[in-house]
Each structure stands twice: as C-alpha cells, then as structure tokens.
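Enquirer: everything below, folded, please.
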Amino acid sequence: MTTALHRRRLTFWAAGAAALALTGGAVAIATQASATGDKPGSAPSAAGKVIWKPNTAVGPSTFASVQCAPGDFKVVSSGAKGKVWQAVQAAGQERCEALGPTLTAGQTFYVGWAAKVDIADSDDRYIFQLKCDPSTGTANHPIEIDATNGRVRLQEWDIHHVAHPLWTAPIVNDQWHSYALKIHLARTGGTIDFWYDGTKQTFTTGSGTFTGTTYDGTSDYLKWGSYHPSPGDAATTFTSPTMATTLQLATAGS
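Expert: All right, here's what the predicted structure looks like:
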C-alpha cells in the first residue's frame, strides 16, 4: 500500500530526475567523462580546475614575462578563434616569446592551445618550450615543439642536452592546429603524453607515453612564440594556453 510518506518520496525523486534532464544531465556527463579518461571534447570532471590561463583582455602583462622587441608581441583578431596572441620575430632577431608560470618538480598537469605559423624561410623556429633555468649545464629545454614551413616536430632533450625526436607531422603556413600535452616533471623519470588536432599521438618509441627528462636546473617554465635567429621573418599566432588538471579543461579553448 502506498502511504503519504511513500508518495512524498516518489514526488521528490521524480522532481530530481526532471531537474537533471532540464540541466542536460550534467552530473551524468561529468561521471561519464571521468570514466572515459583523456578524451578531448568531453565534459570536464567536477574535480578538474584551471591552473593558469593568460587573458587577451588584459594583454601581454598577463604572462609572467615577454621576451620580444617592443610591439611585436600583441593581441590580434583571428576569425572564429576570436582574440588570440601573435609573436612576430623579425629577420635576424633571436626570439619573440611569452613565458608562463614557474613550475615545480614533481608537478603533473595538462596544457593545451592552438597555433599557426608563418615562416618566410626554411629554418626551424621553436614555437613551444618547456625551459630550464639555468640554460647551461642542464637539458636547457627538456621539451620543445619546433616548426618550419612544411614540418612540425616534438623533441625531448635529456640531462646531457641530447635531443630525442619523438614525433613529426606535415604542416603549411597559416593553418591552425591544436596541441595538448600531459607533463609529469622530473629530472629522469618525467613523462610526456601528446595530442595533436584532438588525437592522442604515438611516439617514435612506439609508445603513447615517453619517459625521460622533463625538469632540470633550479627553475622551469613554459614559453610560446618563435625562437631561433634566422634570415627570414616568422610569426606564431596562438590561442591562450591553458594549464589544467584535466585534458578536457586544458583543450576547451583550442
């Protein structure tokens, strides 16, 4: 027999189910995202958080520092991606890069962004670096992504400053691509996982995770832009990089 108490309980659960349906099933989606793991585009876990993200409305001062000729690092409009960052490296200049926050050994995080290059010669430009301080006597840049007009490549550099090419793909000037990394910071037991255009990549080692050097020196940080003095002009245009505790949050803006 259905009592008044039972009827109140039934009414309560029916109202809760209706509220969940009206909000798009947010709880169920978050649970599903957690169960399916690292999948770009999934709803972020409720436990996820953004660690750091520069703000185009604030301008270049939102980065920890900018290493660039005056006026050559700026906010520009870029169609569907809206306000984005542009690092212009004129011919002969060493670099035009913006720096992220200081990192801590043992830290694990995701970082994601989208970028396009415009390179006027055939020389490499670093468009992303995980950088060491000091530069000498260390791995210098344990992880870097470099590009030419024709090829993009990810490399890991060990504590002896020896490069290990891990991945490459063809690119052309003025074409957007998305990048995401999961990085665990350690001098010899660090790890890298990498997503390109939303797809998890396999490294030249045959594995989807590389173990090696991802931290060295006394202070590490991230850099985006264009680096390596060359005879031609170069520019890297990129969305605001997002450091987060989940892949979903790190790639939401790219």
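
Enquirer: beta-bridge partners for residue 116, please?
Expert: Following DSSP bridges, residue 116 is listed with bridge partners residue 237.

Enquirer: I'd say it and residue 172 touch.
Expert: No. Residue 116 lies out of contact with residue 172 (C-beta atoms under 8 Å); the separation is 9.4 Å. Any C-beta I mention is one placed from the backbone N, CA and C, and that applies to glycine too.

Enquirer: low pLDDT regions in the stretch 1-150 of the chain?
Expert: Applying pLDDT under 70 to the stretch 1-150 of the chain flags residues 1-46.

Enquirer: how about 50 then?
Expert: Scanning the stretch 1-150 of the chain for pLDDT under 50 picks out 1-39, 41-44.

Enquirer: strands along that one, start to end?
Expert: With DSSP state E, counting those that start in this stretch as the criterion, the stretch 1-150 of the chain has strands at 50-52, 65-67, 73-77, 83-89, 95-103, 108-119, 125-133, 143-148.

Enquirer: which SSE is immediately downstream of the last one?
Expert: Right, strand 143-148. The C-terminal neighbour of strand 143-148 among helices and strands, as given by DSSP states H and E, is strand 151-157.

Enquirer: and that following strand, which strands flank it?
Expert: Applying DSSP bridges, you get strand 143-148 (antiparallel), strand 163-170 (antiparallel) as the partners of strand 151-157.

Enquirer: residue 179 and residue 219, how far apart?
Expert: 23 Å (C-beta to C-beta, to the nearest Å).

Enquirer: now do residue 229
Expert: 24 Å.

Enquirer: deepest of the strands of the stretch 1-150 of the chain, which one?
Expert: Neighbour counts (mean count of other C-beta atoms under 10 Å) averaged over each of the strands of the stretch 1-150 of the chain peak at strand 125-133, with a mean of 24.

Enquirer: before I go, just wanted to say thanks for your time.
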